[in-house]
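1. Just the structure for this:
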Amino acid sequence: MQLHPSTRKLLDALQSFSQNKLSRREDLGILIELATRHDMHTALDDLSFLAKFLHKTYGLMHRIGKDSDGYEKLSREFGENLEKAATLVRTLIENGPEEVTKRFTSEYLGLRADALENFLELMYNLSWYKNWLIDHPQGSF
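-> Predicted coordinates for the structure are as follows:
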């Protein structure tokens, strides 16, 4: 999928902002591009908020371990928000090119362990987008 030059410019800024930690840069760009093309900025903003929550919660769950107090509640919240994030990704890609919809569905939304890992990595990349929005409320590059 061809990305608009402004999306590419934003991706360059995000790559620098993240200190080159974006591993799913092109797919992040696709989500940004689709949100822009189809006036779905609210869905992207909601997704980036959930992405940051999921990334932080996943790390916390690993740090405290399954036997810790509060783990079950965190795990439940994580699962609920994971589903909300997946729904938002589906919403963003549904108006995209067929090849994007198929690839995202397979790579990120499938019922395989590697798809979950891929999805969490995409959420990590989206958390950088959320951090960018917080630090740059006017969206300047």
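2. Next one: the residue lying closest to residue 37 once chain neighbours are set aside, what pLDDT does it get?
-> Once flanking residues are discounted, residue 37 sits nearest to residue 95: 7.7 Å by CB to CB, 6 or more residues apart in numbering. C-beta here means a position set from N, CA and C on the backbone, and glycine is covered the same way. On the pLDDT scale, residue 95 is placed at 91.
3. What ranges does this structure have for its helices?
-> Assigned by DSSP state H, the helices in the chain fall at 5-17, 25-37, 41-64, 71-93, 98-109, 113-135.
4. tell me which strands and helices the fourth one is in contact with?
-> In terms of contacts (3 or more CB pairs under 8 Å, 6 or more residues apart in numbering; DSSP states H and E), helix 71-93 is packed against helix 25-37, helix 41-64, helix 98-109, helix 113-135.
5. Kindly report the same for the first one.
-> Judged by 3+ CB pairs under 8 Å, 6+ apart, helix 5-17 is in contact with helix 25-37, helix 113-135.
6. With respect to burial, which of the helices of the chain scores highest?
-> Highest mean neighbour count of the helices of the chain: helix 25-37, a mean of 20 (counted as mean count of other CB atoms under 10 Å).
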